[in-house]
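Undergrad: Need a 3D model of the sequence below.
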Amino acid sequence: MSYEPPTPPAELPTDLVNTLNESSSEQLQHVARYAEELAEHKAREARLEEDSDESEIEERPDDLPDDVPAKATITIKEINDNRYYYWQWREGEKVRSQYKGPVSPDE
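TA: Residues are numbered from 1 along each chain as shown. Predicted coordinates:
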């Protein structure tokens, strides 16, 4: 171990470095434990927020049938001058479709 004090990380604000330099070794031990616990807490909060964002994306639309995956999108197909909505999704290399209903004339 060196007899020289450690060099503070460049990312730390000067006022924080000065406060730490003025602290006793006992206070620094408390700060170290608190900083570690706070870092773990913030990382956990970030993971939970990320997980909730992902679950919001995966929510199923109310009109999505049980046999259609949540990743399906709605497409419009024109057959014999009539337009129809279809649920459409990919299963491996294949694109699957399922009839949803006619497109109303207003649309």
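Undergrad: So which bits of the longest helix seen in the chain are buried?
TA: Secondary structure of the chain per DSSP state H: the longest helix is helix 25-57. In terms of neighbour count (16 or more other Cβ atoms under 10 Å), helix 25-57 has no buried residues at all. All C-beta atoms are positioned from the backbone trio N, CA, C, and that covers glycine.
Undergrad: and it, what's its mean pLDDT?
TA: Averaged across helix 25-57, pLDDT comes to 77.
Undergrad: got the CA positions of the helix or strand following that helix in CSV?
TA: Note on helix 25-57: by DSSP states H and E, the next helix or strand toward the C-terminus is strand 73-79. Provided in CSV are the C-alpha atoms of strand 73-79 (Å, rounded to 0.1, in the frame of the first residue of the first chain):
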residue,chain,number,x,y,z
THR,A,73,-49.8,-6.2,-36.2
ILE,A,74,-52.9,-5.2,-38.1
THR,A,75,-52.7,-5.1,-41.9
ILE,A,76,-55.3,-4.4,-44.6
LYS,A,77,-55.8,-6.7,-47.5
GLU,A,78,-57.9,-5.9,-50.5
ILE,A,79,-59.8,-8.8,-52.0
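Undergrad: outside of strand 73-79, which residues touch it?
TA: Arg83, Tyr84, Tyr85, Tyr86, Trp87, Gln88, Trp89, Ser97, Lys100, Val103 (Cβ atoms under 8 Å, 6 or more residues apart in numbering).
Undergrad: Report the distance from the longest helix of the chain to the chain centre.
TA: Chain-centre distance of helix 25-57: 16 Å, with Cα atoms, centre = their mean, to the nearest Å.
Undergrad: now the contacts of strand 73-79 in JSON lines, with pLDDT?
TA: Converted to JSON lines, the contacts of strand 73-79 look like this (pLDDT from 0 to 100):
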{"residue": "Arg83", "pLDDT": "90"}
{"residue": "Tyr84", "pLDDT": "92"}
{"residue": "Tyr85", "pLDDT": "90"}
{"residue": "Tyr86", "pLDDT": "91"}
{"residue": "Trp87", "pLDDT": "90"}
{"residue": "Gln88", "pLDDT": "92"}
{"residue": "Trp89", "pLDDT": "89"}
{"residue": "Ser97", "pLDDT": "90"}
{"residue": "Lys100", "pLDDT": "91"}
{"residue": "Val103", "pLDDT": "90"}
